[in-house]
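Visitor: Sequence isn't available, so here's the structure alone:
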């Protein structure tokens, strides 16, 4: 199993809808997870981090972590066309500083 | 808001030439990283650096690569003899001691090896 897996998409949602982005991870990664947004040709921009089981909310974004299922998700409420980007899930390795990235899910928000 | 900066934004070089990519991490950060992203592929870890030494490196980071912190602000990645497959976006990132895993990325350098 790959360490961090994401569906490549594209995920297409209408403006104003909730976009749900998912990520699964293997045992080798730690319990620290990050969501980055990456516009085409640009660098990853940190959106949220989550370390504990459950939900963490920041504005229109909610990260959810389920350690039993090895699953982390990002919900974007009231999606805007400007949210159209690739969303990268990343996990920190145990006893390491490096981040392991998934391949990203492309989100398209239709006006 | 403090941010990581990188120069140059674009670099074109001939195969076999040496390139140096430069980064200025966020000023109070102590942990520095280089990642790369080949077009259409994942972001891949190259190396982490702390206290003036490499703390971890990936299998990509072979003898052709080196990193240096030549002064109090800059952090550089050198590729000694570039190959075509080194063409990629190279991202520098940094983090502070309170949350080493929360890494902030610079805008990247797009390297094209001809």
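Guide: Yep, it's here. Predicted model, so just to flag it, every value in this text is computed and none were measured.
Visitor: Can you list the strands that the least confident helix or strand in chain B by mean pLDDT pairs with?
Guide: Sorted by mean pLDDT, DSSP states H and E, the helices and strands of chain B end with strand B:53-57, the least confident at a mean of 93. Paired neighbours of strand B:53-57 in the sheet (DSSP bridges): strand B:43-50 (antiparallel).
Visitor: what does chain B put close to chain A?
Guide: B:31, B:33, B:35, B:41-45, B:48, B:50, B:55-56, B:58, B:89, B:91, B:95, B:99-108 (Cβ under 8 Å from any Cβ of the partner chain). (Each C-beta comes from the backbone N, C-alpha and C, glycine too.)
Visitor: Drop the exposed ones from those residues and show what's left.
Guide: B:31, B:33, B:35, B:42-45, B:48, B:50, B:55-56, B:58, B:89, B:91, B:95, B:100-108 (16 or more other Cβ atoms under 10 Å in any protein chain shown).
Visitor: what element comes up after the lowest-mean-pLDDT helix or strand in chain A heading to the C-terminus?
Guide: Across the helices and strands of chain A, mean pLDDT, DSSP H and E gives its lowest value to strand A:29-38, namely a mean of 88. For strand A:29-38, the following helix or strand on the C-terminal side (DSSP states H and E) is strand A:45-50.
Visitor: Next, the buried residues of that next one.
Guide: Those would be A:46, A:47, A:48, A:49, A:50, for strand A:45-50 by 16+ other Cβ under 10 Å.
Visitor: does any part of it sit near chain B?
Guide: Yes: part of strand A:45-50 sits near chain B under the criterion Cβ under 8 Å from any Cβ, namely A:45, A:46, A:49.
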